[in-house]
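**Student:** This is a predicted model, with the sequence first.
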Amino acid sequence: MEAFPPSLAFPFSYMFNTATSAGPSASLANTISSDPWMDPRIWSRLPRQLLDRVIAFLPPPAFFRARCVCKRWYGLLFTNAFLELYLHLIHRKRHWFVFFKLKSPKNSFVYKNGGSSSSSSSSNTTNIWEGYLYDPYELAWYKLTFPLVPSGFSPSTSSGGLICWVSEEAGPKSLFLSNPIVGSLTQLPPTLRSRLCPSIGLSVTPTSIDVTVAGDDMISPYAVKNLTSESFHIDGGGFFSLWGINSSLPRLCSFESGRMVHLHGRQYSMNYSPFSVLAYDVVENNWWKIQAPMRRFLRFPSLVESSGKLLLVAAVEKNRLNVPKSLRIWGLQSCGTTWFEMERMPQQLYVQFATLENGNGFHCVGHGEFIIIIIPGSGKALQFDMENKLWQWVPPCPYVQYGGGDDGDLHGFAYEPRLATPVTVLLDQLINPFQSFGVVN
């Protein structure tokens, strides 16, 4: 096979260890050559279809390492036959996370003026976004770059292997959907109403895309109010709605969290002052409020999705009662109106956590069986495995430097890496309806 030039950039950053002596390498080579199962005369004659099937099952980091072997393996990512094979296989779901270093106002989790690599410590000469992919199974970090994302956009949410980017300027919002694994970027039509920093919900399936933008309606050039939401929908059946579905928000709602959690056809968001949960049924186009548990004693509540359940994570403080301070996790019952306590952080661990947090707050993100709790300004995060009931500290991200000052903190999104997201073709046909016919504008 012909080796591919090593100078090309890949979406994952790796650190390789090189042997300083030939002893271990030579003994390993002798072991492989003496093993009949690793006989190159056998493996070199595998049918290409079988070999491609094996490669399609590789996890993303291993897949991109394998692409360095030869030109044919490198080109698999752009081969229709391989992508069709990849889509038809049943893959193990990888409940990973993607983090960005973002600036946010104090006591708020709305992402305003998010920092690209030019505002972080990585580079002051380029304006390329950097993301940090975290594997909670292996406790490993990988660096991603987003060279196609234009300046003036910040990450807002993710779903189905795609990350949604929203424009920071006040006015009708422009949105992009990107797949960082393959380096694609697809634009959505701009919203109809002018907004400042709305909450954004995203749901991506293999055949449909639903986007909900809510709140921060600009009632004047100098004032905003949470009045309405608007929705975008497109599916493989040919139905689409370009922000044509509008709905009024409940009275006295405040989208302080800046993003939504999608679950079973509904979008959920924390509501502040007082604490409650805002729910939106995408099909019925209806909003309502759900009362939060212990709402008078909550600190920094966050909504996360975990294994098909809506969870609320918050610290609890009862100053006038003989109840120890704690961090608790509640689950929403099937009736959709009441909560039940599922887990509580061990008290000894909470003392350590509270010392680091020091009243500055925290924010959470969930995916599958994992919940990540990030402490801003400390570079520390806790990981909780819901299945194994295991709490552990997340290893620090090696690509992020905390130099003090207001240089931003890591904010995370649930992310499942995918080599192909064919649903974005629907958006390409919507934005450029004559492209498939070879018509040049």
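**Tutor:** Looks like it arrived, so ask away.

**Student:** Quickly list what the residue lying closest to Gln333 once chain neighbours are set aside is bridged to.
**Tutor:** Leaving aside its sequence neighbours, Gln333 sits nearest to Phe340 (C-beta to C-beta, 6 or more residues apart in numbering; 6.0 Å). The way it works is simple: take the backbone N, C-alpha and C, and place the C-beta from them, glycine included. Counting by DSSP bridges, Phe340 is bridged to Gly331.

**Student:** need the contact list for Phe340.
**Tutor:** Going by C-beta atoms under 8 Å, 6 or more residues apart in numbering, Phe340 touches 330-331, 333.

**Student:** Give the buried subset of those residues as a PyMOL selection command.
**Tutor:** Here is the PyMOL command that selects only those of the contacts of Phe340 that count as buried (16 or more other C-beta atoms under 10 Å):
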select buried, resi 330+331
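
**Student:** pLDDT added to the contacts of Phe340, as JSON lines?
**Tutor:** Output for these, formatted as JSON lines (pLDDT from 0 to 100):
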{"residue": "Trp330", "pLDDT": "96"}
{"residue": "Gly331", "pLDDT": "95"}
{"residue": "Gln333", "pLDDT": "93"}
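
**Student:** nearest to Arg344, of the contacts of Phe340?
**Tutor:** Trp330 (10.2 Å; C-beta to C-beta).

**Student:** pretty sure that closest one contacts Glu341?
**Tutor:** Yes. Between Trp330 and Glu341 there is a contact under C-beta atoms under 8 Å: 5.5 Å.

**Student:** picking up where we left off before, pLDDT score assigned to the residue nearest to Gln333?
**Tutor:** pLDDT, Phe340: 94.

**Student:** Any regions of the protein where pLDDT drops low?
**Tutor:** In the predicted model, the chain carries pLDDT under 70 at residues 1-38, 104-126, 256-257, 319-323, 402-407, 432-441.

**Student:** Just the helices from it, written as ranges.
**Tutor:** Assigned by DSSP state H, the chain shows helices spanning 22-34, 40-43, 48-56, 60-66, 71-74, 80-88, 347-357, 424-431.

**Student:** and the third one, which residues are buried?
**Tutor:** Applying a neighbour-count criterion of 16+ other C-beta under 10 Å, one finds 52, 55-56 buried in helix 48-56.

**Student:** Show me where the stretch 51-200 of the chain has its strands.
**Tutor:** 96-102, 129-135, 140-146, 153-159, 162-167, 171-172, 175-179, 184-188, 194-195, 199-205 (DSSP state E, counting those that start in this stretch).

**Student:** The fifth one pairs with which strands, parallel or anti?
**Tutor:** Okay, so that is strand 162-167. strand 153-159 (antiparallel), strand 175-179 (antiparallel).

**Student:** which other residues reach it?
**Tutor:** 98, 131, 149, 152-158, 173-180, 198, 200, 202, 204, 211, 413, 415, 421, 424.

**Student:** one more time with 6 Å
**Tutor:** 149, 152-153, 155-157, 173-179, 200, 202, 204, 421 (C-beta atoms under 6 Å, 6 or more residues apart in numbering).

**Student:** Of these, which count as buried by neighbour count?
**Tutor:** The neighbour-count test (16+ other C-beta under 10 Å) marks 149, 153, 155-157, 173-179, 200, 202, 204, 421 as buried among the contacts of strand 162-167.

**Student:** With respect to Tyr142, which of those is nearest?
**Tutor:** Distance to Tyr142, by C-beta to C-beta, is smallest for Asn179 among the buried ones among the contacts of strand 162-167, at 15.1 Å.

**Student:** circling back to that earlier point, and the contacts of Phe340, which is closest to Arg94?
**Tutor:** Gly331 (23.2 Å).

**Student:** Next, work out how far apart the closest one and Ile372 are.
**Tutor:** Applying C-beta to C-beta, to the nearest Å, the value for Gly331 to Ile372 is 17 Å.

**Student:** same check, this time on His411
**Tutor:** Shown here: His411 relative to Ile372, a distance of 11 Å by C-beta to C-beta.

**Student:** before we move on, what about Asn271?
**Tutor:** Per C-beta to C-beta, Asn271 is found 23 Å from Ile372.

**Student:** would you turn the strands of the stretch 51-200 of the chain into a markdown table with distance to Tyr399?
**Tutor:** Putting the strands of the stretch 51-200 of the chain into a markdown table (distance: least, C-beta to C-beta, whole Å) gives the following:
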| stretch | distance to Tyr399 |
| --- | --- |
| strand 96-102 | 9 |
| strand 129-135 | 6 |
| strand 140-146 | 5 |
| strand 153-159 | 16 |
| strand 162-167 | 17 |
| strand 171-172 | 33 |
| strand 175-179 | 19 |
| strand 184-188 | 22 |
| strand 194-195 | 32 |
| strand 199-205 | 25 |
